[in-house]
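[1] Just need the structure, nothing else, for what follows:
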Amino acid sequence: MAEKIFEKEWRALGTDIYVQLVSDALQETIAKKIFSEIENIYSRQAHIFSRFDPDSELSKMNAHLGEFFEASSDFLSLSKKSLTYFKESGGLFDPRILETLEKIGYDRSFSKENFSSDKVEDMTLAEEEKTELKDDLIIVNGRIKFQKRMDFSGIAKGVITDRVAENLRLQGFENFLVDSGGDMFASGKNNLGDPWGIALEGSHNENETLLEISNEAVATSGNVRRNWKKGEKKFHHLVNPHRLNDFSFALQSVTVIERTTEKADVWAKIMFLLGLEKGLKKARERKMKAFFLTADGDTIKSI
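    Next up is the predicted model:
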């Protein structure tokens, strides 16, 4: 017998948020209160990490380069994680891409309706000498100093999704889905008592690429939704810090299944930037479940 579901969808972090709770014991009034608490989590986190909020903690750091600030615990934690992922990815995960994003026109929250390529600068992006992230993201005794402006969108959605999932677990929920614009954590079972089924968007045969997950996270990074042109030049939002002028469309997307949404979010981006051959090799080295969707719509699995 199917259990009752309670669900809510809204906009936050510049994307669609969807949360589903599965429980026969939950009352509608309590569900509304829980959803309100979850909305507040997204709102508070956006006020910390959004580069489009001029009053966010991130914007304050970006506006005062070279100065130390007392960082919130969330900001401090995410900054430390960023330093770790920078090392693990060989520099492919690098929040110092903000200036490049702005130069290619991505200077506001993205939607096809309000986005114009007129802001794209007619220039070749200058390749800078590579330095360690720790030289520009400096942490001393809980205080942080930026030497260059940062954008943490490559990790923040995953971290926030995990925060919401942990909040629900602490309240005793076992079966739920948290979806932050494709960055998802699926706990327990769906209302039919089965693992959660997630289809790979864009695949030729979605029945063959239906991901069944339980107590796992899945995240997808790709160029399908956030892409634009300036003349004959095509751009997307996934900047390769090693090759600033390279906006590859050989892959549509990479989807990763991991224990946490944070890891799935970060590694999906890294695998996309590595490309099919190197990405597959890296995924197999790490024994990571990854799905590479080519420009032709073919899906190649790492495991």
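[2] pLDDT of the lengthiest helix in the chain, averaged?
    In the chain, taking DSSP state H as the definition, the longest helix is helix 261-285. Averaged over helix 261-285, pLDDT sits at 96.
[3] Next SSE downstream of it?
    Using DSSP states H and E, the next helix or strand after helix 261-285 towards the C-terminus is strand 289-294.
[4] quick one on the thing from earlier: and the longest helix of the chain, what does it pack onto?
    Using 3 or more C-beta pairs under 8 Å, 6 or more residues apart in numbering; DSSP states H and E, the elements in contact with helix 261-285 are helix 73-88, helix 153-170, strand 183-187, strand 216-222, strand 251-258, strand 289-294. All C-beta atoms are positioned from the backbone trio N, CA, C, and that covers glycine.
[5] Nearest to Thr15, out of those?
    Ranking these by their distance to Thr15 (criterion: C-beta to C-beta) puts helix 153-170 first, at 7.5 Å.
[6] buried ones in the closest one?
    Going by neighbour count (16 or more other C-beta atoms under 10 Å), the buried part of helix 153-170 is 153-165, 168.
[7] where does the closest residue to Glu216 other than its chain neighbours land on pLDDT?
    The shortest distance from Glu216 to any non-neighbouring residue, by C-beta to C-beta, 6 or more residues apart in numbering, is to Ile257 (5.6 Å). pLDDT recorded at Ile257 is 97.
[8] Dump the helices and strands packed on helix 261-285 to JSON lines, plus distance to Asp136.
    Formatted as JSON lines, those follow (distance: least, C-beta to C-beta, whole Å):
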{"stretch": "helix 73-88", "distance to Asp136": "10"}
{"stretch": "helix 153-170", "distance to Asp136": "15"}
{"stretch": "strand 183-187", "distance to Asp136": "26"}
{"stretch": "strand 216-222", "distance to Asp136": "23"}
{"stretch": "strand 251-258", "distance to Asp136": "27"}
{"stretch": "strand 289-294", "distance to Asp136": "29"}
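[9] For Tyr42, which of these is the nearest?
    Judged by C-beta to C-beta, the one of the helices and strands packed on helix 261-285 that comes nearest to Tyr42 is helix 153-170, at 6.5 Å.
[10] Check which helices and strands that closest one sits against.
    Applying 3+ C-beta pairs under 8 Å, 6+ apart, we find helix 153-170 packed against strand 15-22, helix 28-49, helix 73-88, strand 176-180, strand 183-187, strand 216-222, helix 261-285.
[11] Is it possible to get TSV of the ones you listed that adds mean neighbour count and distance to Glu7?
    As requested, the helices and strands packed on helix 153-170 are exported to TSV (neighbours: other C-beta atoms under 10 Å; distance: least, C-beta to C-beta, whole Å):
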stretch	mean neighbour count	distance to Glu7
strand 15-22	19	4
helix 28-49	15	9
helix 73-88	16	27
strand 176-180	24	9
strand 183-187	26	14
strand 216-222	25	18
helix 261-285	22	19
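[12] Save those as JSON lines, and put in distance to Ala2 too.
    Converted to JSON lines, those look like this (distance: least, C-beta to C-beta, whole Å):
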{"stretch": "strand 15-22", "distance to Ala2": "9"}
{"stretch": "helix 28-49", "distance to Ala2": "17"}
{"stretch": "helix 73-88", "distance to Ala2": "37"}
{"stretch": "strand 176-180", "distance to Ala2": "15"}
{"stretch": "strand 183-187", "distance to Ala2": "17"}
{"stretch": "strand 216-222", "distance to Ala2": "22"}
{"stretch": "helix 261-285", "distance to Ala2": "26"}
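[13] can you tell me which of the ones you listed comes nearest to Lys148?
    That would be helix 73-88 among the helices and strands packed on helix 153-170, by C-beta to C-beta, at 12.7 Å.
[14] I'd like the next helix or strand past that closest one.
    As assigned by DSSP H and E, the chain's next helix or strand after helix 73-88 is helix 98-103.
[15] in the chain, which ranges drop under the pLDDT threshold?
    Low-confidence segments of the chain, defined by pLDDT under 70: 1, 107-129, 202-209, 228, 231.
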